[in-house]
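Peer 1: build the 3D model from these lines:
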Amino acid sequence: MRLDRNDHHIVENFLATRPAHVGGIIVEASNLDRQAFAIEAAKAAGIDVVVETLTERLAHPGLDRSGLEYFHGQPHGPANLATNSDKNEFVKRVVATQLDCATVVVAPHFYADDAATLDLNVELVSKTAEVLGGRGLRAVLTAPRAVFAERDPRLVAKRYRIAGASHIDLRLSPLGGHDNGARKIQSALDIAAAFRDAPLVVTLGLQGQVGQPAVALGAADRYSVGIGYREQLNFKSMISSQRRDPNLDAEFASPIGILLPGPDITVRRSLGKALLADTRLRGRLEVHTELLADPSADPRGPYLVSRQEQVSALMKRPKTWRVQHELARLTRAIKLREIINDYHLPPDAKPLKTRTLKSLQIVCNRYLDDD
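Peer 2: Here you go, the predicted model:
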């Protein structure tokens, strides 16, 4: 779970319930003091605490850098790490920020859209491993799929493993949303599987739609999302937003939505409330009872519970049954979106897209056929 600045109270309460199959929380480095009690609650629940170092965003203007001890001056990126001394000092500062709170340390990293930056990221992992001296190390790789057209993902994964990483947060960009084709999704899952075979523990980063099928298919061990948003990733769009408005949460500039587990979609609040008000439909949306009772309630708590229930339902199945379970869930979600579009959509609302779900359906069916 990736926390936004104001998510700590709702997360603290959620973690007090000791939710099953919640692997960790991700807290931005600039919010560590503010979210100290959520961090404490995670540790008490035996859940990992991971720091979002924000280093990949430091290379671009517009980010609020207050509270980041390892940043001084203007945008700080690969060009500022020209010497070995520069790299060592940067790694030490990034690691020092995490040591008092994180259960697993994240190596500094940058958006790897070329070979040089990918090489730098691997070097930073190696230097972080030297500083940690055996403590758990998590790498983050944010990259377009195109970078693997020139480099075999198996070889890249092996390099990360040799450098000292045991876990990788793989953030492929652009990926997610509701309009992805089967070829794109299959390619992303193949890349993730190559890292898992390294072997590395793989989190498919910020993938609310693709993440759970990836776990069911064995391409990833985990997936991450925000709380009501951050369910897809487009790094270039994010940086464009960051440059336009430094005061905007440019990571994913969208309001917190309402998760409708039945059709498996997070929608804006106005649409969610309209659908929940439709008595012919509301029972099929499978939303949390709190939202059924009051559609205007804060959707973040129900979002967390619904996500956790979805994952738990999957993980309770034997591994050999998980793809069929996920395929059945996707099929129900597609049908329900089509029913909403045909009979229940408010006049001013756009139809709910089904392309990504149908693409995931194709990928799951191929897996079952091959098996």
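
Peer 1: where does this protein dip in pLDDT?
Peer 2: Within the chain, the ranges that satisfy pLDDT under 70 run 72-74, 246-254.

Peer 1: would you map the strands across it?
Peer 2: Counting by DSSP state E, the segments of the chain that form strands are 24-28, 48-52, 105-106, 137-143, 167-172, 201-204, 222-223, 258-260, 265-267.

Peer 1: so the second one versus strand 137-143, what angle?
Peer 2: Yep, that's strand 48-52 we're talking about. 50 degrees (axes from the mean of the first three to the mean of the last three Cα atoms, to 10 degrees).

Peer 1: from the chain's centre, how far out does strand 48-52 sit?
Peer 2: Taking Cα atoms, centre = their mean, to the nearest Å, one finds strand 48-52 lying 12 Å from the centre of the chain it belongs to.

Peer 1: paired strands for that strand, with orientation please.
Peer 2: Its sheet considered, strand 48-52 pairs with strand 24-28 (parallel) by DSSP bridges.

Peer 1: need the contact partners of the partner strand.
Peer 2: Taking contacts as Cβ atoms under 8 Å, 6 or more residues apart in numbering, the residues outside strand 24-28 that touch it are 1-3, 5, 11, 15, 35, 38-39, 42, 47-52, 54, 101, 103, 224. In this view, the C-beta of every residue, glycine as well, is placed from N, C-alpha and C.

Peer 1: stretch 349-361 too?
Peer 2: With contact meaning Cβ under 8 Å, 6+ apart, stretch 349-361 is reached by 176-182, 184-185, 209-210, 213, 263-265, 267, 271, 274, 327, 330-331, 333-334, 337-338, 340-341, 345.

Peer 1: could you pick out the buried ones from the residues you listed?
Peer 2: Using 16 or more other Cβ atoms under 10 Å as the burial test, the contacts of stretch 349-361 include 176-178, 180, 182, 184-185, 209-210, 213, 263-265, 267, 271, 274, 327, 330, 333-334, 337, 340-341, 345 as buried.

Peer 1: His21 versus Lys335, what's the distance?
Peer 2: When Cβ to Cβ, to the nearest Å is the yardstick, Lys335 and His21 sit 26 Å from each other.

Peer 1: list the contacts of Ile39.
Peer 2: By Cβ under 8 Å, 6+ apart, the neighbours of Ile39 are Ile25, Val27, Leu32, Val49, Cys101.

Peer 1: bridged to the second one, which residues?
Peer 2: Going by DSSP bridges, Val27 is paired in beta bridges with Val51.

Peer 1: with neighbour count and distance to Glu130 added, can I get the contacts of Ile39 in JSON lines?
Peer 2: Converted to JSON lines, the contacts of Ile39 look like this (neighbours: other Cβ atoms under 10 Å; distance: Cβ to Cβ, whole Å):
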{"residue": "Ile25", "neighbour count": "28", "distance to Glu130": "27"}
{"residue": "Val27", "neighbour count": "27", "distance to Glu130": "25"}
{"residue": "Leu32", "neighbour count": "18", "distance to Glu130": "24"}
{"residue": "Val49", "neighbour count": "21", "distance to Glu130": "22"}
{"residue": "Cys101", "neighbour count": "19", "distance to Glu130": "21"}
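
Peer 1: what is the neighbour count of the residue nearest to Leu81 when sequence neighbours are not counted?
Peer 2: Nearest residue to Leu81, sequence neighbours excluded (Cβ to Cβ, 6 or more residues apart in numbering): Lys87, at 4.9 Å. By the other Cβ atoms under 10 Å criterion, the neighbourhood of Lys87 contains 19 residues.

Peer 1: before we move on, what about Leu118?
Peer 2: Using other Cβ under 10 Å, Leu118 has 22 neighbouring residues.

Peer 1: repeat for the one 10 residues further on
Peer 2: The local packing count at Thr128 equals 26, with neighbours defined by other Cβ under 10 Å.

Peer 1: and Asp294, by the same measure?
Peer 2: A total of 10 residues lie near Asp294 under the criterion other Cβ under 10 Å.

Peer 1: can you check the one 5 residues further on too?
Peer 2: Burial of Pro299 is recorded as 25 neighbouring residues (other Cβ under 10 Å).

Peer 1: if we can go back for a sec, can you tell me how far the residue nearest to Leu81 sits from Asn121?
Peer 2: Going from Lys87 to Asn121 by Cβ to Cβ gives 11 Å.

Peer 1: Ala102 now?
Peer 2: Taken as Cβ to Cβ, the span from Ala102 to Asn121 is 19 Å.

Peer 1: more neighbours: these two, which one.
Peer 2: Asn121 (28 against 23).

Peer 1: now do the residue nearest to Asp179 when sequence neighbours are not counted against Tyr367, distance only.
Peer 2: In space, and not counting its chain neighbours, Asp179 is closest to Arg355: 5.0 Å by Cβ to Cβ, 6+ apart. Summarising the geometry, the distance separating Arg355 from Tyr367, computed by Cβ to Cβ, is 19 Å.

Peer 1: so which of the two has more stuff around it?
Peer 2: For Arg355 against Tyr367, the residue with the higher neighbour count under other Cβ under 10 Å is Tyr367, and the figures read 20 against 14.

Peer 1: hmm, the more buried one is touching Leu217, no?
Peer 2: Yes. Between Tyr367 and Leu217 there is a contact at 5.7 Å, judged by Cβ atoms under 8 Å.

Peer 1: which neighbours do these two have in common?
Peer 2: Any residue near both Tyr367 and Leu217 by Cβ under 8 Å, 6+ apart counts here, and that gives Val323.

Peer 1: the stretch 1-150 of the chain: helices as residue ranges?
Peer 2: Assigned by DSSP state H, counting those that start in this stretch, the stretch 1-150 of the chain shows helices spanning 8-15, 36-44, 55-58, 84-98, 115-132, 147-150.
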